[in-house]
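A.B. asks: I'll drop the sequence and a predicted model, then ask my questions.
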Amino acid sequence: MVNGILGKKLGMTQIFTENGTRIPVTVVQAGPCAVIQKKIVETDGYNAVQLGFGVQKAQRINKPEMGHLTKAGKGAFKFLREMKGDISDCEVGAEILCSDVFAAGDIVDVTGVSKGKGFQGVIKRWNFSGGRTSHGSKFHRAPGSIGCSAWPSRVFKGKKMAGQMGNAQVTVQNLEIVEVRTEQNLILIKGAIPGPKDGLVTVRKAVKA
């Protein structure tokens, strides 16, 4: 079976164990996903399957992509992603459920796009301390010096400066699946995961050393 599945972040809640311990969990609607394409070493150089998630209206898909989706016979999908793993039992048109991939106690890596926070200064974005707030300072929340003059006569790449914060792909590793609810296509993951509510997330089995 493949090593992951696509899902939608529904939000956070909490559950209680039998001994009364409170566990914060993120609820993810994981699947069902349809197998759209199967890639093998002989033709593509690697083994993977392309999964479709999120029902989409056919008129919102262009003709080339719709022709690609028609081969699976499962309709149109909003998101397409590739998953690696053992694909010997995956055929085009098959449906993958969360219980087919995960079980309670599994350790997973979750990838999503973090919430965008707009253009931010160096204090909020990089936790700079800033200048003193005393009278007459004139240096409060500015970034300060960013390079030299004669050499290198430029600013080095990667310098921590003001800019867009968030809205980037983030992966949180080694999270535990507390519960899998097959009838609702839900998995409850301990802790927080990136992205807003209803945002697309990719849940994969953790890579163990």
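C.D. replies: Structure's in. What do you need? Residues are numbered from 1 along each chain as shown.

A.B. asks: who are the packing partners of the helix or strand hosting I23?
C.D. replies: Using DSSP states H and E, I23 falls within strand 22-30. Contacts defined by 3 or more Cβ pairs under 8 Å, 6 or more residues apart in numbering; DSSP states H and E place strand 22-30 against strand 4-16, strand 169-181, strand 186-190, strand 200-205. Any C-beta I mention is one placed from the backbone N, CA and C, and that applies to glycine too.

A.B. asks: buried stuff in the third one?
C.D. replies: Translated: strand 186-190. Using 16 or more other Cβ atoms under 10 Å as the test for burial, strand 186-190 gives 186-189.

A.B. asks: so how far is the longest helix along the chain off the chain centroid?
C.D. replies: Using DSSP state H, we find that the single longest helix of the chain is helix 63-70. Put simply, helix 63-70 sits 25 Å off its chain's centre (Cα atoms, centre = their mean, to the nearest Å).

A.B. asks: ok, Q184 - contacts?
C.D. replies: Neighbour list for Q184: Q29 [criterion: Cβ atoms under 8 Å, 6 or more residues apart in numbering].

A.B. asks: same deal with the one 3 residues further on?
C.D. replies: By Cβ under 8 Å, 6+ apart, the contact list for I187 reads 7, 27-28, 30, 98, 102, 177, 179-181, 203.

A.B. asks: let's see it at 10 Å
C.D. replies: Residues counted as contacts of I187 (Cβ atoms under 10 Å, 6 or more residues apart in numbering) are 5, 7, 25-31, 98-99, 101-104, 106, 108, 177-181, 203.

A.B. asks: among those residues, which ones are buried?
C.D. replies: In the contacts of I187, the ones that pass as buried (16+ other Cβ under 10 Å) are 5, 7, 25-31, 98, 101-102, 106, 108, 177-180, 203.

A.B. asks: number of nearby residues for K159?
C.D. replies: 9 (other Cβ atoms under 10 Å).

A.B. asks: equivalent analysis for E65, please.
C.D. replies: 12.

A.B. asks: related to what we said a few turns ago, and the helices and strands packed on strand 22-30 as a markdown table, adding mean pLDDT and distance to F128?
C.D. replies: Formatted as a markdown table, the helices and strands packed on strand 22-30 follow (pLDDT from 0 to 100; distance: least, Cβ to Cβ, whole Å):
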| stretch | mean pLDDT | distance to F128 |
| --- | --- | --- |
| strand 4-16 | 90 | 30 |
| strand 169-181 | 91 | 22 |
| strand 186-190 | 92 | 33 |
| strand 200-205 | 90 | 31 |
